[in-house]
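> Show me the folded form of this:
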Amino acid sequence: MTSTVRTDGVAGAGGTGLDGGCRGRLREWVRRYLPAEVAGTLAALAAAWWVHAASGSLVSAAVAGTVGESLGYYGCMAARVALRYDACHRHHRAPKRHWLTGTRTARDLLVEFGPAELVDGLAVRPSSMYLATSLLGDFTAGVVAGKLAADVVFYGLAVAAYELKKRYLPMPIPKE
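Numbers count the residues shown, from 1 in each chain. Predicted structure coming up:
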């Protein structure tokens with residue numbers, strides 16, 4: 001009996017270590033999430049600094065950092081996904097193209113990020129930012145450390161949902 005190792009990007013593909021399929025998926029995830037991560041981080045720091053300077057409250061700053069990060073992150077992700085769907089629906093007239101682009105973008109973002117955001121945004125991220133700023137004693141380092149700790153939980157859920165979405169709701173290929 002022989003076994004076949006698939007490294008074509010299918011979730012659960014066999015192999016050990018960082019074979020070509022695993023490295024390829026890792027590169028894909030970095031390309032997908034890094035621009036949004038940078039936008040979200042900058043927005044989190046700006047919002048947390050602004051609210052902390054105005055109120056002096058770590059709790060308010062942690063909530064503002066969470067909201068700022070979500071706005072920066074999802075603004076970037078929504079723009080990128082919408083541009084891809086718009087290219088796929090370019091052959092339709094404007095009203096139908098805009099409808100298809102908007103509804104598919106919203107669907108994809110909800111499927112990929114909905115579960116992760118519920119866990120992350122309501123519990124993990126604000127408490128991580130609050131605890132890290134309290135424990136480290138340095139506001140900026142605490143916001144960044146809390147954000148990184150929360151990202152581990154968030155990306156564990158988001159990447160799993162993304163891989164399932166790729167398998168069951170694939171992005172159409174743009175028509176020429």
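> can you pull the contacts of the spatially most central residue of the chain?
In the chain, the residue lying closest to the centroid (Cα atoms, centre = their mean) is residue 33, at 5.7 Å. Shown in contact with residue 33 (Cβ atoms under 8 Å, 6 or more residues apart in numbering): 155, 158. In this view, the C-beta of every residue, glycine as well, is placed from N, C-alpha and C.
> Around residue 152, count how many other residues there are.
10 (other Cβ atoms under 10 Å).
> typo on my end, it should be residue 51
21.
> Tell me which helix or strand it sits in.
Using DSSP states H and E, residue 51 falls within helix 20-55.
> tell me the mean pLDDT for the helix or strand following that helix?
Next helix or strand after helix 20-55 toward the C-terminus (DSSP H and E): helix 58-88. Mean per-residue pLDDT for helix 58-88: 92.
> So which elements touch the helix or strand following helix 58-88?
Downstream of helix 58-88, the first helix or strand assigned by DSSP H and E is helix 94-119. In terms of contacts (3 or more Cβ pairs under 8 Å, 6 or more residues apart in numbering; DSSP states H and E), helix 94-119 is packed against helix 58-88, helix 139-168.
> so which of those helices gets nearest residue 110?
Smallest distance to residue 110 across those (Cβ to Cβ): 9.7 Å, for helix 139-168.
> same for that closest one, what does it pack against?
helix 20-55, helix 58-88, helix 94-119, helix 125-136.
> Which among these is found nearest to residue 164?
Judging these by Cβ to Cβ, what sits closest to residue 164 is helix 94-119, at 8.0 Å.
> any chance of the helices and strands packed on helix 139-168 in TSV, plus distance to residue 172?
Output for the helices and strands packed on helix 139-168, formatted as TSV (distance: least, Cβ to Cβ, whole Å):
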stretch	distance to residue 172
helix 20-55	17
helix 58-88	5
helix 94-119	9
helix 125-136	33
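> right, so of those, which gets closest to residue 168?
Of all the helices and strands packed on helix 139-168, helix 94-119 comes closest under Cβ to Cβ, at 8.9 Å.
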